[in-house]
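S.K.: Quick one, what's the 3D model for this:
(chains A and B)
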There are 2 protein chains.
Amino acid sequence: MSENYNYQLTVDKVLEYGERVYPDREIVYRDKRRYTFESFGRKVRNLAGGLQRLGVKPGDKVGVIDWDTDVYLMSYYAIPMMGAMLHTVNVRYPPELIVKTILHAEDKWLIVRDEFLPLIEKAGNYLNNVKIIAYSDENKVKYPDVMELINNDDNQFQQQEISENTPATIFYTSGTTGEPKGVWFTHRDLILHAMSCSIAAAKPPISATPEDVYLILVPLFHVHQWGYPYLFMLGGNKYVLPGRYDPTIELNLMKNEGVTFSAMVPTILYMILSHPDAPKYSEVFKNWRVLIGGAALPKGLADTARKFGITVMAGYGLSETAPVLTISYYNSKVEKLPDEKKFEQQIKTGVPIPLVELRVVDPEFKDVPHDGNTIGEIVVRAPWLTREYYKDPEKTKRLWSGGWLHTGDLAVVDEYGYIRIVDRDKDAIKSGGEFIPSLLLEDVISSHPKIGQVAVVGMPDEKWGERPVAFIVLKDKMTEEELKNYLMQKAEEGKIRKWWIPDKFVFLSDLPKTSTNKIDKKSLRDIIKAK
Amino acid sequence: MSENYNYQLTVDKVLEYGERVYPDREIVYRDKRRYTFESFGRKVRNLAGGLQRLGVKPGDKVGVIDWDTDVYLMSYYAIPMMGAMLHTVNVRYPPELIVKTILHAEDKWLIVRDEFLPLIEKAGNYLNNVKIIAYSDENKVKYPDVMELINNDDNQFQQQEISENTPATIFYTSGTTGEPKGVWFTHRDLILHAMSCSIAAAKPPISATPEDVYLILVPLFHVHQWGYPYLFMLGGNKYVLPGRYDPTIELNLMKNEGVTFSAMVPTILYMILSHPDAPKYSEVFKNWRVLIGGAALPKGLADTARKFGITVMAGYGLSETAPVLTISYYNSKVEKLPDEKKFEQQIKTGVPIPLVELRVVDPEFKDVPHDGNTIGEIVVRAPWLTREYYKDPEKTKRLWSGGWLHTGDLAVVDEYGYIRIVDRDKDAIKSGGEFIPSLLLEDVISSHPKIGQVAVVGMPDEKWGERPVAFIVLKDKMTEEELKNYLMQKAEEGKIRKWWIPDKFVFLSDLPKTSTNKIDKKSLRDIIKAK
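M.R.: All right, here's what the predicted structure looks like:
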């Protein structure tokens, strides 16, 4: 019998690659702790060995409740490497929902950062069957201490070969309505997702190289932090972890650690660029490329970023899709365009990354024409999509109807083949039997220099079914009249239709956010209902 | 039941990616035929549909006998997409061996370029059970015509979903001794190999981008042309096919098509740079990056290339390994070195590409120290290695002994972690019980400016077991005395040991080549025996 090795695509292979080729590359957690890839790898194995000794078994689900720290990043490797499953608990959920997802996932263990211990302890009997492991950056904890496991080089990790089809991660996605739904992914999903993202990220305009320094401002609890915990290891990139988000600390880290690349939702970029110290960091911004996802990139924000010298581009994906489906890298048509046109394409949703089959289809499931106008639903296939909503066959059936994953997002395809989301299905405004694409409308409103942020939602209307309402945060004083005139002008220019212009403008000092820092349209609808 | 789509890693996915994101990118076959990725994809499906209509079935082996043409490139997709198996027949083998490999592989079909038809027809009865399909660039052929299949847009291809574990390719590797051995690879092997190569190729100093234009001078019959038939589609690169190799045509294509990147064995680079017209192409060379593999890159040749302004780097792999295992891209240690030191590392064998586990082990299977001195054998694991030698369980067992693929290559690892092949196991010279690393010795000899090419082999010796003989092609006149003095000086500098200096120097006008254009050491040993 031949002893040929049946290689499995498991996350330990990515870690080993990083240790082998980039042994002295750094991982930095604020000003607290620093590692090389080599010492990081050793500590990951210490953690895995320590968890084994505590009794964590293959198949166990281990929840992690933490900000973006070194400990969390280690968990992304250590827990799946044991054949256990990492549950990235959404710490931005209300406490009750956090407990609910832990119970729904059937977590056996929780790794908890000290400041979240009260939250867990308050849950009392509900979490009686969950064993707690904890840590603090400064103090001792009264639970088995993660830091002791990590720093104990005697924690021999007994690594077993596991199948690439072993479940590796699980987390919950709320959408804007309804109960959170669980999605889970295998080792193979994570590796193929990271490899495909790596190929796309190396292409212009991201043009990632191993000398890039990453500060990813997508929480580690949020959809695998868009894949970066594995991507940076394949890329050989220095990795800066910011802990709990704080624009002042982020700006400092960017300068001190030489950050050249980040990924985030639009709101976070807005917060950084609105920070009073932002103008002082112009040198840092000049070398900064930023990938925006999680929500559409408003034109106004992209323009502001560009004035700072920042290169921005967009990406798109869902919790259900690991998440990345498209990035706005240059295809063969856009690569030839002048810079101004390239920029316009860069802030669209982009083109599929390798191995993603993406279609925008009409109700008859036919592909819409590439006319930038005809709206269809995005349906996808890729080798890393969730197989199901955990314990929810009904919703799973709808998700995968016809053998394609239904994103519920409405989009158009332009003449260059770039996809542009015009609305999330659930956010769509239907007025007089026709759709008003709220994202397109927001884009045009945001292009006025006095507008900071904007969100458009539907308001019930007896005559039209729904009519749009715009919620606005101003940068500079302006009247409703002034804005309406601006939009009328845009309608005359053909950018929007006249009947899309909102009937109502609500000026706020800030917009409500979801747990993942996207604008919370559900809350805005509640404001309307309450009125 | 959920209808979630069970995505398989099959080669059609790579083609679809290229068509989707780079629809107007070109594929060029000499000055004969041009395609866009879009029209190429359509013709691939025409070919697959046509072959189906002729009766090619899933599981059938289809041999291709051709130079590097558009038809061959289409076969790399069309045949595996049908669930059939592409046999890339080595046209440089002696006719008898060609027939032998066709029979051993049990090919049911042969796609033959007209100039190879006499060879096949001469085999007569031996190939009675093989059905022939043929084509010519200019004329009609008396067999079913490949060009007609390709150009018939009515050839509806009935694509079936196939498993990623379906065998996709088979070919034969001769090594320098013994009968050719068959190795085969699945769709999954090809995709993972191409993805990992893509990630490594995007890193410096290759720094491949979609705007690079590829002219690959590795034959399509040779180990998947190092993966480029799939790599260029993932990369979105314009692809130039040279047909039968001819340095004059190659230089012209480079200039006219704007070639920026090539891959080849050292001999081919030597032939191009020795071409009388080479100095006229200095502008082309300045933008040219060249990946050298298949044999060690001699320092002398690398220096010559550098003087032309060419960026050279090395790679390493075997027929058994799909082939790529290492490329000399910069790891975190080398990236910080000054240019001169970087160059030295670039021409070594390099570091593993993602997902390759590579060890250099001593006879006790312990990793050798990173001292640049201790010689060990390279053993590997990766997700794309051959499972077996086709129909040869005995050799398979040796290949995979202990669960690692044994390359039979001897190497050292330097302080930066770069691997350097010092000898092929079968080429090793053992003198007085100690190894003389022939590749190291060749390197030092080739560094003399008057030396064109050099090969060192072992000659039986009563006293020492073996002693080295150097076969040399001179660029400029020089005496044996002059060369010996040069080597004595190198021995004093500590570059080689004194007792490595060959006892005999044989000056030739050219060195014999193998079917894949590597220097044929077996023939050189025969010359010695005959004396």
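S.K.: For the longest helix along chain A, buried residues please.
M.R.: Ranked by number of residues, the top helix in chain A under DSSP state H is helix A:37-54. Buried residues in helix A:37-54, counted by 16 or more other Cβ atoms under 10 Å in any protein chain shown: A:37-38, A:40-53. Where C-beta positions appear, they are placed from N, C-alpha and C, glycine not excepted.
S.K.: Let me see the backbone angles for the residue nearest to A:Glu38 when sequence neighbours are not counted.
M.R.: Spatial nearest neighbour of A:Glu38, excluding adjacent residues (Cβ to Cβ, 6 or more residues apart in numbering or on different chains): A:Pro23 at 4.3 Å. Backbone torsions for A:Pro23, taken as degrees, to the nearest 10, come to phi -60, psi -30.
S.K.: Hmm, A:Pro23 is touching B:Lys333, no?
M.R.: Yes. At 7.4 Å, A:Pro23 counts as touching B:Lys333 under the criterion of Cβ atoms under 8 Å.
S.K.: quick one on the thing from earlier: so what's the residue count around the residue nearest to A:Glu38?
M.R.: 17 (other Cβ atoms under 10 Å in any protein chain shown).
S.K.: now swap in A:Phe308 and tell me
M.R.: Count around A:Phe308 with other Cβ under 10 Å applied: 17.
S.K.: B:Pro354: which of the buried residues of helix A:37-54 is nearest?
M.R.: Checking those against B:Pro354 by Cβ to Cβ gives A:Phe37 as the nearest, at 13.8 Å.
S.K.: And the pLDDT for the closest residue in space to A:Leu318 that isn't next to it in sequence?
M.R.: In this structure, A:Leu318 finds its nearest non-sequential neighbour in A:Thr407, 5.8 Å apart by Cβ to Cβ, 6+ apart. Reading off the confidence values, A:Thr407 has pLDDT 95.
S.K.: What distance do you get for A:Thr407 to chain B?
M.R.: Taking Cβ to the nearest Cβ, to the nearest Å as the measure, A:Thr407 falls 14 Å from chain B.
S.K.: again with A:Ile162
M.R.: Computed as Cβ to the nearest Cβ, the A:Ile162 to chain B distance reads 15 Å.
S.K.: Wasn't that residue part of a strand?
M.R.: No. Per DSSP: H, G, I helix; E, B strand; the rest coil, A:Ile162 lies outside any strand segment and is coil.
S.K.: Next, count neighbours for it.
M.R.: By other Cβ under 10 Å, 18 other residues sit near A:Ile162.
S.K.: Just give me how far the host helix or strand of A:Thr304 sits from the chain centre.
M.R.: Here A:Thr304, judged by DSSP states H and E, is contained in helix A:299-307. Centroid separation for helix A:299-307 versus its chain: 20 Å, with Cα atoms, centre = their mean, to the nearest Å.
S.K.: could you check whether the helix or strand following that helix is close to chain B?
M.R.: Next helix or strand after helix A:299-307 toward the C-terminus (DSSP H and E): strand A:311-317. No. On the criterion Cβ under 8 Å from any Cβ of the partner chain, strand A:311-317 is out of touch with chain B, staying 14.6 Å away.
S.K.: Strand A:311-317 pairs with which strands, and in what direction?
M.R.: Here strand A:311-317 has these sheet partners by DSSP bridges: strand A:289-292 (parallel), strand A:324-327 (antiparallel).
S.K.: Can you lay out those strands as a markdown table showing mean neighbour count and mean pLDDT?
M.R.: Shown next, in a markdown table, are those (neighbours: other Cβ atoms under 10 Å in any protein chain shown; pLDDT from 0 to 100):
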| stretch | mean neighbour count | mean pLDDT |
| --- | --- | --- |
| strand A:289-292 | 23 | 96 |
| strand A:324-327 | 27 | 98 |
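S.K.: would you list these in a markdown table and tack on distance to B:Leu110?
M.R.: Listed next are the strands paired with strand A:311-317 as a markdown table, based on distance: least, Cβ to Cβ, whole Å:
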| stretch | distance to B:Leu110 |
| --- | --- |
| strand A:289-292 | 49 |
| strand A:324-327 | 42 |
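S.K.: So for A:Glu480, which of the ones you listed sits nearest?
M.R.: The closest of these to A:Glu480 is strand A:289-292. By Cβ to Cβ, the value is 28.9 Å.
S.K.: Quick one: name the residues of the stretch 251-400 of chain A near chain B.
M.R.: Contacts of the stretch 251-400 of chain A with chain B, taken as Cβ under 8 Å from any Cβ, map to A:330-333, A:335, A:351-352, A:354-355, A:357, A:381-383, A:385, A:387-388, A:393, A:396-397, A:399-400.
S.K.: Quick check on these: which are buried?
M.R.: For those, a burial check counting by 16+ other Cβ under 10 Å picks out A:330-333, A:335, A:351-352, A:354-355, A:357, A:381-383, A:385, A:387-388, A:396, A:399-400.
S.K.: From chain B, how far out is the residue nearest to A:Thr173 when sequence neighbours are not counted?
M.R.: Using Cβ to Cβ, 6+ apart and skipping the chain neighbours, the partner closest in space to A:Thr173 is A:Ser319 (3.5 Å). Using Cβ to the nearest Cβ, A:Ser319 is found at 15 Å from chain B.
S.K.: what's around A:Ser319, how many residues?
M.R.: With other Cβ under 10 Å as criterion, A:Ser319 counts 20.
S.K.: Restricted to helices, list the buried ones among the residues of the stretch 251-400 of chain A next to chain B.
M.R.: Short answer: these in helices (DSSP H) are A:396, A:399.
S.K.: Next secondary structure after the lowest-mean-pLDDT helix or strand in chain A?
M.R.: Within chain A, no helix or strand scores below strand A:434-436, which has a mean of 73 by mean pLDDT, DSSP states H and E. Using DSSP H and E, the helix or strand that follows strand A:434-436 in sequence is helix A:438-446.
S.K.: relative orientation of that next one and helix A:299-307 in degrees?
M.R.: Per axes from the mean of the first three to the mean of the last three Cα atoms, to 10 degrees, the angle that helix A:438-446 makes with helix A:299-307 is 50 degrees.
S.K.: Outside of the first helix or strand past helix A:438-446 going along the chain itself, list whatever touches it.
M.R.: Downstream of helix A:438-446, the next assigned helix or strand under DSSP H and E is strand A:451-461. Contact with strand A:451-461 is made by A:267, A:270, A:274, A:298, A:300, A:427-431, A:436, A:438, A:441-442, A:445-446, A:466-475, A:483, A:502-504, A:511, A:519, A:521, A:524-525, A:528, as judged by Cβ atoms under 8 Å, 6 or more residues apart in numbering or on different chains.
S.K.: can you check stretch A:487-502 too?
M.R.: For stretch A:487-502, contacts defined as Cβ under 8 Å, 6+ apart pick out A:431-432, A:436, A:440-441, A:444-445, A:456, A:467-470, A:484.
S.K.: Okay, helices next: where are they in the stretch 151-300 of chain A?
M.R.: Taking DSSP state H, counting those that start in this stretch as the criterion, the stretch 151-300 of chain A contains helices spanning A:187-201, A:228-235, A:247-257, A:266-273, A:282-286, A:299-307.
S.K.: helices or strands up against the last one?
M.R.: Other helices and strands packing on helix A:299-307, by 3 or more Cβ pairs under 8 Å, 6 or more residues apart in numbering or on different chains; DSSP states H and E, are helix A:266-273, strand A:311-317, helix A:339-346, helix A:438-446.
S.K.: rewinding a little: residues in contact with the residue nearest to A:Glu38?
M.R.: If you count contacts by Cβ under 8 Å, 6+ apart, then A:Pro23 has A:36-38, B:331-333, B:417 around it.
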